[in-house]
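Novice: Please work out how this folds:
(one chain, ligands or ions: 1)
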Amino acid sequence: VSGIKRIGILTGGGDCPGLNGVIRAVAKTAFYRYGLEVVGIQNGFGGLVRNEWWRLEDADVSGILHRGGTILGTTNRDNPFRFPVESRDGLPVFRDMSGEAMANLENMGVDALIVVGGDGSLSIALMFYEMGVPVVGIPKTIDNDLMATDITFGFDTALHTATDALDKLHTTAESHHRAMLLEVMGRNSGWIALHAGLAGGADVILIPEIPFTYENILAKIEERRSRGKKFSIMVVAEGAKNPAGEQVYREGGKQRRLGGIGEAVAAEIEKRSHMEARVTVLGHLQRGGTPSPFDRILATRFGVKAVEMLMEGEFGHMACLKTPLIQSIPIKDAVAEQKKVPPQGELVRFARSVGTSFGDT
Ligand code: F6P
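Specialist: Got it, this is the predicted structure:
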């Protein structure tokens, strides 16, 4: 007997298609299989610091499987170990509020906590585990950049959106003989760009893991031209590095955010060729909308497994997919390093084999 009677769940980081599927699976498994109570912690780790929560009922988790976002208020990148408590001269003053968070967990009467998040939120979950909180993690991010799981939920939905965008861009590319660039998310990894590029038949894919030169991109455009193909479709990962080896960031805003490499590449193509280039930045369209069937199923599998892990006492662990099975691995292995696209890996090789250029040759 685990002794667990009441569990808490919180979602951290950016929103991600499938979050509600996880919450539903956790709550239903907890209610009906194990007879547990479930506390929904609102507004991510910030809500844990501020003691924002309510007891979930079946009605809260009914009819939410297909909905994007999270029913747990907002999700955000708050960190209790570095939490803004006041503002001095227009700048936030940070304090370690993990003690308050621990006291609130007591308050809620939860015996164990499920944290749904990417590497940031799971690193925070690990710190609470090291402070003695029985924690289980669930991997979430559209970027698919978490080690130790074959795939994170949210990635498949983002991929569908990006592929659909490429299919549509093909029409204009053909009709106008243009270079059409699609800038996709993915942070420091090129998973979305690589997969969408493969699915959408891109001529050029630029990812952070493979350095490119403009000469090579132009050579690809020329090679296509010589075969009578007067347009090119390119997918550019937001984290791809320009030939100087630098990532491109947006101006302004509170946080440094990746973005703008698509424009930079397009400008260079126009400067160095007679071709017109256009950029579409897909942005948050990749995180919104209804989750794909694959993500709903993966979210459900992770949610059920996480409750099973709590009941088995597998704390400090995260549910993961090791195809074909859902398994459990230490959170510390998942957050130790980001999962990158292997430049010599099968997918890159096969993409090259069907004529896709990565701008490196
Ligand atoms: O990690 C998910 C992600 O969508 C990244 O792909 C992207 O770089 C980042 O979040 C954008 O963050 P925000 O929503 O804070 O602009």
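Novice: so what's residue 104 up against?
Specialist: Each residue near residue 104 by CB atoms under 8 Å, 6 or more residues apart in numbering is listed here: 48-49, 51, 53. In short, each C-beta sits where N, CA and C put it, glycine included.
Novice: if you set the cut-off to 7 Å instead, what comes out?
Specialist: Applying CB atoms under 7 Å, 6 or more residues apart in numbering to residue 104 gives the contacts 48, 51.
Novice: you'd agree it is in a helix?
Specialist: Yes - secondary structure of residue 104 (DSSP: H, G, I helix; E, B strand; the rest coil): part of a helix.
Novice: oh, and call the first residue 369 from now on, that's how I've got it
Specialist: I'll keep to 369 as the first residue from here, and by that count the last item is residue 472.
Novice: State the distance from it to residue 419.
Specialist: Using CB to CB, to the nearest Å, one gets 4 Å for the distance from residue 472 to residue 419.
Novice: likewise residue 601?
Specialist: When CB to CB is applied, the distance between residue 601 and residue 419 equals 50 Å.
Novice: Who has more neighbours out of those two?
Specialist: Set residue 601 next to residue 419 and count neighbours by other CB atoms under 10 Å: residue 601 wins out with 24 against 15.
Novice: Would you mind naming the residues that bridge with that one?
Specialist: Applying DSSP bridges to residue 601 yields these beta-bridge partners: residue 548.
Novice: Would you mind confirming that it makes contact with residue 534?
Specialist: Yes - in this structure residue 601 lies within contact range of residue 534 using CB atoms under 7 Å: 6.4 Å.
Novice: Spit out the residues that contact the two alike.
Specialist: With the criterion set as CB under 7 Å, 6+ apart, the overlap between the contacts of residue 601 and residue 534 is 568, 570.
Novice: and the spatially closest residue to residue 704 that is not a sequence neighbour, how many neighbours does it have?
Specialist: Counting by CB to CB, 6 or more residues apart in numbering, residue 704 lies nearest to residue 515, which is 6.4 Å off, once chain neighbours are set aside. By the measure other CB under 10 Å, the count of residues near residue 515 is 16.
Novice: tell me the contacts of residue 557?
Specialist: Taking CB under 7 Å, 6+ apart as the test, what residue 557 contacts is 511, 513, 576, 607, 706-709.
Novice: If we use 8 Å, what do you get?
Specialist: Residue 557 sits next to 511-513, 575-577, 605, 607, 706-709 when contact means CB under 8 Å, 6+ apart.
Novice: Just the closest of those residues to the ligand, please.
Specialist: Proximity of those to the ligand, judged by CB to the nearest ligand atom, is greatest for residue 511, which lies at 4.8 Å.
Novice: Please, which helix or strand holds that closest one?
Specialist: For residue 511, there is no helix or strand it lies in under DSSP states H and E.
Novice: And it, its phi and psi?
Specialist: Recorded main-chain torsions at residue 511 are phi -70, psi -20, according to degrees, to the nearest 10.
Novice: wouldn't it be in contact with residue 519 here?
Specialist: No - Residue 511 is not in contact with residue 519 according to CB atoms under 8 Å; the separation is 11.1 Å.
Novice: Look at the two and report which has more neighbours.
Specialist: When residue 511 is set against residue 519 and neighbours are counted by other CB under 10 Å, the residue ahead is residue 511, at 28 against 18.
Novice: Identify the residue spatially nearest to the residue sitting nearest the centre point of the chain, adjacent ones excluded.
Specialist: Note on the chain: the residue nearest the mean C-alpha position is residue 509, at 2.2 Å, using CA atoms, centre = their mean. Closest residue to residue 509 apart from its sequence neighbours, by CB to CB, 6+ apart: residue 486 at 3.8 Å.
Novice: Now do the contacts for the one you found.
Specialist: Residue 486 makes contacts with 380-382, 384, 507-509, 511, 513-514, 520, as judged by CB under 8 Å, 6+ apart.
Novice: ok, and of the residues you listed, which contact the ligand?
Specialist: Residues of those in contact with the ligand (CB under 6 Å from any ligand atom): 382, 509, 511.
Novice: any chance of those residues in CSV, plus pLDDT and distance to residue 466?
Specialist: Putting these into CSV (pLDDT from 0 to 100; distance: CB to CB, whole Å) gives the following:
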residue, pLDDT, distance to residue 466
382, 89, 22
509, 96, 23
511, 97, 26
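Novice: For residue 593, state which of those residues is nearest.
Specialist: Closest approach to residue 593 among those (CB to CB): residue 511, at 34.0 Å.
Novice: What is the burial count for whatever residue of the chain ends up closest to the ligand?
Specialist: At 3.1 Å from the ligand, residue 553 is the closest residue in the chain, using CB to the nearest ligand atom. The local packing of residue 553 (other CB under 10 Å) involves 27 other residues.
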